[in-house]
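J.: Can you look at this prediction? I've put the sequence above it.
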Amino acid sequence: MSIDLDRSTTVDAAEVARFEAIARTWWDPRGKMATLHKFNPVRVGWVKEAACARFGRDPLRIDCLADLRILDIGCGGGILSEPLARLGASVVGADPATTNIEVAKLHAAQSGLSIDYRNTTAESLAAAGETFDIVLAMEVVEHVTDVPLFVSVCAGMVKPGGLMVAATLNRTLKSWALAIVGAEYVLRWLPVGTHQWDKFVTPQELEAAMQAAGLSVSGESGVMYNVLADRWQLTRDMDVNYMISAEKPA
């Protein structure tokens, strides 16, 4: 890793090292990130709908996110950044793992996309005075060392009238059974050790952190895997995977 993880950061060095080790597999739809590839269409669709609702855009337009500056914090190999860029957004993808950013830059170049990828942290971006229309923290908060601080840093980069969207895992017995035992040990959808159940975040905890950071929760949804259809879909059940959007007053 090329960045310095000092005490002021919410980055967990062990988590960064874990994802660094599998970074080369980000764009293999049948590899270690296969589940995320299947999950991605639901994430993209939900972010697009939330953004269009907040900024008065037509979600059916191919460039519905044009002129919106979006931060994808913890972007990994760019699986979420790329489709958002294709919708017209100006995307900054940030990740503390060097290899993740190398993979993301290479794939974006091969795809003909202009995405501003940076090997950095949320704290460093905030310290530099960066601001965005939308800040995304997708599958990130369960990997940081201090959730309220991380959310506060992210919220501070949201422009007045802007939006923050987060996706994570709920800390329930159901999530332990499905996301840890089922997904990692039984089905082998994810490498063993990808998640630590005690670091999962309840919706109440995440909403409280967002509200303390000056945001107002505007939407929430659970996400579940439909075995028969072999795809992820939105649901009212937030016991395992869920997403939350929150707005900053104009």
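T.: Cool, the structure landed. What you see is a predicted model; the values in this text were computed from it and never measured. Numbering: from 1, shown residues only.
J.: ok, which stretches of the chain are helices?
T.: Ranges of helices within the chain are 13-21, 34-55, 81-86, 98-111, 122-127, 147-156, 173-175, 203-212, based on DSSP state H.
J.: buried ones in the second one?
T.: Within helix 34-55, the residues that count as buried by 16 or more other CB atoms under 10 Å are 36, 39-40, 42-44, 46-52, 54-55. The C-beta positions use only the backbone N, C-alpha and C, and glycine is treated the same way.
J.: How far does that helix sit from its chain's centre?
T.: 10 Å (CA atoms, centre = their mean, to the nearest Å).
J.: Equivalent analysis for the shortest one, please.
T.: Put simply, helix 173-175 sits 21 Å off its chain's centre (CA atoms, centre = their mean).
J.: So what touches it?
T.: With contact meaning CB atoms under 8 Å, 6 or more residues apart in numbering, helix 173-175 is reached by Leu169, Trp197, Phe200, Asp239, Val240.
J.: among those residues, who's most crowded?
T.: Leu169 (24 neighbours; other CB atoms under 10 Å).
J.: helices and strands of this protein: which one has the lowest mean pLDDT?
T.: Of all helical and strand segments in the chain, the minimum by mean pLDDT, DSSP states H and E falls on helix 13-21, at a mean of 78.
J.: quick one: it to helix 98-111, angle?
T.: The directions of helix 13-21 and helix 98-111 differ by 40 degrees, with axes from the mean of the first three to the mean of the last three CA atoms, to 10 degrees as the criterion.
J.: list the helices and strands helix 13-21 packs on?
T.: helix 98-111 (3 or more CB pairs under 8 Å, 6 or more residues apart in numbering; DSSP states H and E).
J.: any low-confidence regions in this structure?
T.: 1-8, 181-193 (pLDDT under 70).
J.: Could you check how far the most centrally placed residue in the chain is from Asp12?
T.: In the chain, the residue lying closest to the centroid (CA atoms, centre = their mean) is Met138, at 1.4 Å. With distances taken as CB to CB, to the nearest Å, Met138 is found 17 Å from Asp12.
J.: can you check Lys248 too?
T.: 26 Å.
J.: So which of those two has more stuff around it?
T.: Shown here are Lys248 and Asp12; by other CB under 10 Å, Lys248 has more neighbours (21 against 17).
J.: Tell me how many other residues surround Gln196.
T.: 13.
J.: again with the one 10 residues further on
T.: Neighbourhood size, Leu206 [other CB under 10 Å]: 24.
J.: how about it, what does it touch?
T.: For Leu206, the contacting residues are Val141, Val147, Val151, Ala166, Thr168, Ile244, by CB under 8 Å, 6+ apart.
J.: cool, Val141 as well?
T.: Val147, Phe150, Val151, Ala166, Thr168, Val201, Leu206.
J.: distance of the fifth one from Lys105?
T.: Using CB to CB, we find Thr168 at a distance of 26 Å from Lys105.
J.: likewise the third one?
T.: When CB to CB is the yardstick, Val151 and Lys105 sit 27 Å from each other.
J.: quick one: which of these two has more around it?
T.: Counted by other CB under 10 Å, Val151 and Lys105 do not tie: Val151 has more neighbours, with 30 against 18.
J.: so that one makes contact with Met210?
T.: Yes. Contact between Val151 and Met210 holds when scored by CB atoms under 8 Å: they sit 5.9 Å apart.
J.: between these two, what contacts are shared?
T.: Met164, Ala166.
J.: ok so, going back, may I see the buried residues of the least confident helix or strand of the chain?
T.: Glu15, Val16, Arg18, Phe19, Glu20.
J.: what distance separates it from the centre of its chain?
T.: Distance, centroid of helix 13-21 to centroid of chain: 16 Å (CA atoms, centre = their mean).
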